[in-house]
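J.: attaching a predicted model along with its sequence, questions to come.
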Amino acid sequence: MSDTSSVICHRSSTSAYSYFRKSLRSLRLNEFPCGSGSWRNPKARKPDGTFMVTGKDYGVQYEKVEQLLDYLDCNDWKSNTSWSKEAEELKKQAVLKPWMFENEENCVNFVHPYFKSLQFRDKNIDNVDRKMLKFENLEELVLTANQLSEVNSRHLPPKLQILELGSNILERITTLCRKPLPPLLHLGLSYNRLIHLSEYKYFTKSYWPHLMSLDLSFNNLSHFAQLIEALQTLPDLRNLNLQGNPLSLTPSYRGFVVDALKTLTYFDDVIISPDERHHFKGLGKKKDLARDECYLTINMVGICGLPVPYELQECDRPDYPVVSTQYFMSYNMLKDEGETTDQMEDNGVTQIPVVGDEDMVCNKSKSKQYSKVIDLQYTKTHKTNKLLKLRDFLNNGIKLVIYAKTVKSWKVEEAVDEQNGKNSEKTNRRAKTPTKLQRSKKELETVVLRKDPAKYREIGSYVVDTTSLVLGQTSTISSICYCGGGPLPPEEQLRELVSLNQKPEESPRGKDKNIKGKLSNKERKSGKSPIPCDSQPFAHLPLLVDFKLQLLRWETAADCHKST
């Protein structure tokens with residue numbers, strides 16, 4: 001069984017050179033219209049091996065060279081040549097010099113030195129073998145989106161200048177940096193899994209003295225100051241890409257790089273202007289400010305379109321239980337740096353640890369009474385040094401959840417009766433409870449209520465897309481989040497609907513000073529309610545939340561002196 005498994009594993013392995021051979025065969029260099037088959041006139045061959053391009057009539061059994069060259073562009077004989085800039089020209093050579101491809105020895109001697117560029121994208125290649133050294137003139141090798149877990153530099157062609165290894169599964173580049181090394185001008189390592197601090201030493205002049213372009217975007221690099229210190233040794237570095245790494249979330253990210261690396265022209269695919277260099281002047285010398293930490297400020301402004309709570313819809317209901325409904329919002333976020341479980345209560349804003357992840361907490365806003373537009377008054381700045389975990393969290397978005405918190409309160413005597421299921425004789429011997437008209441204000445104020453445990457119900461949610469923060473496209477997200485309910489209104493109306501400048505509907509809760517949350521006697525006698533039982537004016541309104549998020553990024557060197 002083990003032998004069979006090893007054979008299967010071996011067959012599934014694909015080397016860069018074996019795929020080159022497969023691509024070369026797909027050119028069909030010995031098939032019509034290429035090659036020296038029966039369609040060619042051997043008398044037309046020149047001493048140097050080429051064929052004469054002439055208008056002379058060869059007869060019906062032979063094809064003219066110029067006609068064969070035209071056939072190369074026909075769909076019937078066209079081949080995929082996207083894997084090399086020289087592939088298309090090689091087919092023409094197979095028409096002009098067909099005898100160079102008749103046997104393998106001639107083919108090898110001619111083909112390998114001929115190629116200067118090879119591009120094998122998404123071909124399931126998992127190793128670069130020694131046979132790649134046959135390409136003595138190869139200058140560009142692109143192996144993007146394959147299955148490479150390591151690349152041995154001793155298997156790379158000696159004149160290689162461009163090496164693109166993006167979208168593989170590289171975690172370390174130790175083998176890639178074994179000397180002697182090719183004189184690379186560009187090294188692309190984007191979308192890999194580079195994470196180890198010990199690997200930073202390989203991005204220095206002692207390994208790549210001629211490097212002009214380096215792409216390390218979308219890896220797991222978190223140690224900002226140490227990486228820039230290594231890159232400062234590269235004397236000719238002109239283009240650098242670090243976006244998508246956890247370190248790109250730090251406040252000093254762009255400013256520190258722009259000022260510390262004086263030779264850069266492009267950073268994260270954006271040209272560095274003289275004004276930008278001036279704004280960040282001096283920041284690159286303050287290495288103590290290049291801290292591996294991030295600041296996120298979340299502001300939840302208001303909610304509109306909430307369903308009308310039960311106690312405001314019922315016009316004919318018993319005095320007890322007294323029902324109280326409040327609303328709040330929650331979202332998960334990484335625990336603040338240095339924060340302990342005992343400190344997760346701040347000004348009524350509660351943080352609850354997330355089960356199964358000790359680094360995450362559920363943040364809750366204060367509970368608010370019902371209103372047409374609820375002012376949440378929620379603002380919190382999160383600080384964390386777990387940059388890798390934060391980057392992955394932001395890639396999935398922040399989920400906002402709206403909850404309704406309902407509490408039922410019972411009069412103490414009635415609560416006991418309900419629990420026992422019947423009135424005891426002792427209760428019956430008590431004096432009869434006065435009628436509503438007989439109750440004085442003082443008596444009502446002394447009514448003792450027992451509250452049931454609160455019940456929570458999710459009434460809406462929305463996932464805020466925060467990938468733009470990771471991509472570096474913006475540092476601010478301001479959005480009106482549609483959390484369900486009625487149809488989504490036109491975009492120009494969203495901001496107006498959730499605006500806090502609207503005059504909120506006054507809730508009847510608290511009008512009766514005797515028992516909070518109950519309607520007045522006058523309203524109860526008339527059978528009227530602020531919101532009729534058969535009408536629910538907000539039941540089909542869209543549930544909207546005004547949400548804002550700010551990632552701290554310094555715009556100038558002076559910003560570093562501001563309090564964070």
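T.: Yep, it's here.
J.: secondary structure class for the residue nearest to Thr204 when sequence neighbours are not counted?
T.: Nearest residue to Thr204 in three dimensions, chain neighbours excluded: Thr233, at 4.5 Å (C-beta to C-beta, 6 or more residues apart in numbering). For glycine as for every other residue, the C-beta is placed from the backbone atoms N, C-alpha and C. Following DSSP: H, G, I helix; E, B strand; the rest coil, we place Thr233 in the coil state.
J.: is it true that Thr233 touches Lys201?
T.: No. Here Thr233 lies out of contact with Lys201, judged by C-beta atoms under 8 Å, at a distance of 9.8 Å.
J.: next, the residue nearest to Leu249 when sequence neighbours are not counted: phi, psi?
T.: Nearest residue to Leu249, sequence neighbours excluded (C-beta to C-beta, 6+ apart): Cys294, at 4.4 Å. Main-chain torsions, Cys294, degrees, to the nearest 10: phi -140, psi 150.
J.: any idea how far Cys294 lies from Leu552?
T.: Applying C-beta to C-beta, to the nearest Å, the value for Cys294 to Leu552 is 8 Å.
J.: could you do Tyr370 as well?
T.: For Tyr370 relative to Leu552 (C-beta to C-beta), the value is 35 Å.
J.: can you list residues touching both of Cys294 and Leu552?
T.: Common neighbours of Cys294 and Leu552 (criterion: C-beta atoms under 8 Å, 6 or more residues apart in numbering): Pro251.
J.: more neighbours, the two?
T.: With neighbours defined as other C-beta atoms under 10 Å, Cys294 and Leu552 compare such that Cys294 has more, 27 against 19.
J.: pretty sure the more buried one contacts Leu387?
T.: Yes. Applying C-beta under 8 Å as the test, Cys294 and Leu387 come out as touching, 6.1 Å apart.
J.: got any residues that touch both of these two?
T.: Common neighbours of Cys294 and Leu387 (criterion: C-beta under 8 Å, 6+ apart): 249-250.
J.: near Asp357, how many other residues are there?
T.: 12.
J.: so where's the stretch 1-150 of the chain shaky on pLDDT?
T.: Applying pLDDT under 70 to the stretch 1-150 of the chain flags the ranges 1-12, 30-77, 100, 102-106.
J.: tell me the SS of the residue lying closest to Lys368 once chain neighbours are set aside?
T.: Excluding the flanking residues, the one nearest Lys368 by C-beta to C-beta, 6+ apart is Ile374, at 4.8 Å. Using three-state DSSP, the secondary structure recorded for Ile374 is strand.
J.: and Ile374, what are its bridge partners?
T.: Ile303 (DSSP bridges).
J.: correct me, but it touches Tyr327?
T.: Yes. At 6.2 Å, Ile374 counts as touching Tyr327 under the criterion of C-beta under 8 Å.
J.: which residues are in contact with both of the two?
T.: 303, 306, 368.
J.: do I have it right that the second one meets Gln369?
T.: By that I understand Leu306. No. When contacts are counted by C-beta under 8 Å, Leu306 is not listed as touching Gln369 (10.5 Å).
J.: looking at those two, which is more packed in?
T.: Leu306 (24 against 14).
J.: picking up where we left off before, okay, and the common contacts of Leu306 and Gln369?
T.: Tyr327.
J.: where's the residue most central in space within the chain, which helix or strand?
T.: The residue lying closest to the centre of the chain (C-alpha atoms, centre = their mean) is Asn395, at 2.6 Å. Taking DSSP states H and E as the criterion, the element that holds Asn395 is helix 387-396.
J.: flag the shaky bits of the stretch 301-450 of the chain, pLDDT-wise.
T.: 314-315, 338-356, 413-446.
J.: and the helices in it?
T.: Using DSSP state H, counting those that start in this stretch, the helices of the stretch 301-450 of the chain run over residues 310-313, 387-396, 412-420, 425-428, 441-445.
J.: so for the first one, what gets flagged as buried?
T.: Residues 311-313 are the ones in helix 310-313 that count as buried (16 or more other C-beta atoms under 10 Å).
J.: please tabulate those residues in JSON lines, including the columns distance to Arg254.
T.: Output for those, formatted as JSON lines (distance: C-beta to C-beta, whole Å):
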{"residue": "Glu311", "distance to Arg254": "53"}
{"residue": "Leu312", "distance to Arg254": "51"}
{"residue": "Gln313", "distance to Arg254": "54"}
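J.: out of those residues, which is nearest to Pro209?
T.: Checking these against Pro209 by C-beta to C-beta gives Leu312 as the nearest, at 75.2 Å.
J.: before we move on, the earlier item: so what's the residue nearest to Thr204 up against?
T.: Counting by C-beta under 8 Å, 6+ apart, Thr233 has contacts 204-206.
J.: wait, Leu27 touches Thr81, no?
T.: Yes. At 7.4 Å, Leu27 counts as touching Thr81 under the criterion of C-beta under 8 Å.
J.: what's next to stretch 395-403, contact-wise?
T.: In contact with stretch 395-403 (C-beta under 8 Å, 6+ apart) are residues 298, 300, 303, 306, 327-333, 456-467, 470, 481, 483, 543, 545, 547, 549.
J.: can you do 6 Å?
T.: 328-331, 456, 458-467, 470, 483 (C-beta atoms under 6 Å, 6 or more residues apart in numbering).
J.: narrow the residues you listed to those that are buried.
T.: In the contacts of stretch 395-403, the ones that pass as buried (16+ other C-beta under 10 Å) are 328-331, 459-462, 464, 466, 470, 483.
J.: those: which two are farthest apart?
T.: It's Ile459 and Val470 that sit farthest apart of the buried ones among the contacts of stretch 395-403, by C-beta to C-beta, at 30.0 Å.
J.: where exactly do the helices run in the stretch 51-200 of the chain?
T.: According to DSSP H, counting those that start in this stretch, the helices that the stretch 51-200 of the chain contains are 65-71, 87-96, 104-114.
J.: and the last one, which residues are buried?
T.: When neighbours are counted by 16+ other C-beta under 10 Å, the buried residues of helix 104-114 are found to be 107, 111-112, 114.
J.: go on, the second one?
T.: Applying a neighbour-count criterion of 16+ other C-beta under 10 Å, the buried positions in helix 87-96 are 87, 90-91, 93-96.
J.: now that helix: how far from the chain's centre is it?
T.: 45 Å (C-alpha atoms, centre = their mean, to the nearest Å).
J.: that one to helix 104-114, inter-axis angle?
T.: 140 degrees (axes from the mean of the first three to the mean of the last three C-alpha atoms, to 10 degrees).
J.: which other helices and strands does helix 87-96 contact?
T.: Helix 87-96 is packed against no helix or strand, with contacts defined by 3 or more C-beta pairs under 6 Å, 6 or more residues apart in numbering; DSSP states H and E.
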